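> Quick check, what structure comes out for this input:
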Amino acid sequence: MEQNTQALQISAEVTPNPNTLKFNVNRPLVESGSLNFPDKEKARGSRLAEALFEVENVIGVMVGPGFITVTKAPASSWPTLAEAVTKTLKTVLESGDVTFARSATSAPAHGESKTDVERRIIEVLDNEIRPAVQMDGGDITFHGFEDGIVTLHLQGSCSSCPSSIMTLKMGVENRLKSLIPEVREVIQV
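You can find the predicted model right below:
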């Protein structure tokens, strides 16, 4: 990505998940989709995620196009932790060393071998549902469709959010069922 010459701006935003904050930045981080680092081991080789896992009580990191979602240990509190996360973000982003390992888990590529129903599901997810979920600091990825059941993976603030089941069933499932009659149920993997 190109080097950004404007002054770095970072702002924290609450999400529906009390253990997760979304840190908006005025720099592009990934071209599209998101990179999910559910633990320190998965962050290996990804400089930004590695640095965030060095902050005590950080247990999850997700990087989107212009934001970083950080999940904390439930017993910790945000006031002190948010300050440490912001400082770490500032240090890494200003250094320009925002590298991500090739092994970083991102949204699966949507290959051409998809069925018509799968392509329609992916289109609704990408155009309607993912942007809304990303606004809350999360992401949702398509994993499969078989026998009327859509399997999805929730990431970032959505992965352990108390309202994630409601989002999945009442929001995503209802929307997909209303547009695609072949869909009977939506589940998380």
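> Okay, strands next: where are they in this structure?
10-14, 20-25, 35-37, 58-63, 67-72, 105-106, 138-146, 149-156, 185-188 (DSSP state E).
> Residue 91 is nearest to which of those strands?
Among these, strand 10-14 comes nearest to residue 91, with 11.0 Å by CB to CB. Backbone N, C-alpha and C define where each C-beta goes, glycine included.
> where's the closest one relative to the chain centroid, distance-wise?
How far strand 10-14 lies from its chain's middle: 15 Å, per CA atoms, centre = their mean, to the nearest Å.
> Direction included, what does that strand pair up with?
If you go by DSSP bridges, strand 10-14 pairs up with strand 20-25 (antiparallel).
> coming back round to it: can I get the strands of the chain in TSV including mean neighbour count and distance to residue 84?
Converted to TSV, those look like this (neighbours: other CB atoms under 10 Å; distance: least, CB to CB, whole Å):
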stretch	mean neighbour count	distance to residue 84
strand 10-14	14	12
strand 20-25	21	12
strand 35-37	25	17
strand 58-63	24	9
strand 67-72	26	10
strand 105-106	17	25
strand 138-146	20	22
strand 149-156	22	19
strand 185-188	16	30
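> which of these has the lowest average pLDDT?
With a mean of 52, strand 105-106 has the lowest mean pLDDT of the strands of the chain.
> Tell me how far residue 77 lies from residue 54.
Distance of residue 77 to residue 54, computed by CB to CB, to the nearest Å: 19 Å.
> quick one, what contacts residue 80?
Not one residue lies near residue 80 by CB atoms under 8 Å, 6 or more residues apart in numbering.
> and with 10 Å instead?
Counting by CB atoms under 10 Å, 6 or more residues apart in numbering, residue 80 touches 56-57.
> May I see the domains of the chain written out as residue ranges?
Domain assignment for the chain by automatic domain parsing gives 10-105, 107-188.
> Averaging pLDDT over each of those, report the lowest-scoring one.
Among the domains of the chain, domain 107-188 scores lowest, at a mean of 80.
> Can you give me the neighbour number for residue 178?
Residues near residue 178, counting by other CB atoms under 10 Å, number 10.
> Look up the closest residue to residue 76, ignoring the ones flanking it.
Of all residues not flanking residue 76 in the chain, residue 57 sits nearest, at 3.8 Å (CB to CB, 6 or more residues apart in numbering).
> Ignore what I typed, I meant residue 97.
Among residues not flanking residue 97 along the chain, residue 47 sits closest, at 5.0 Å (CB to CB, 6+ apart).
> same check, this time on residue 62
residue 156 (3.5 Å).
> where does residue 41 sit relative to residue 11, distance-wise?
Using CB to CB, residue 41 is found at 29 Å from residue 11.
> picking up where we left off before, mind listing what the residue nearest to residue 62 touches?
15, 17, 20, 22, 34, 36-38, 60-64, 67-71, 133-134, 136-140.
> what about 7 Å?
20, 34, 36, 62, 69, 137-139 (CB atoms under 7 Å, 6 or more residues apart in numbering).
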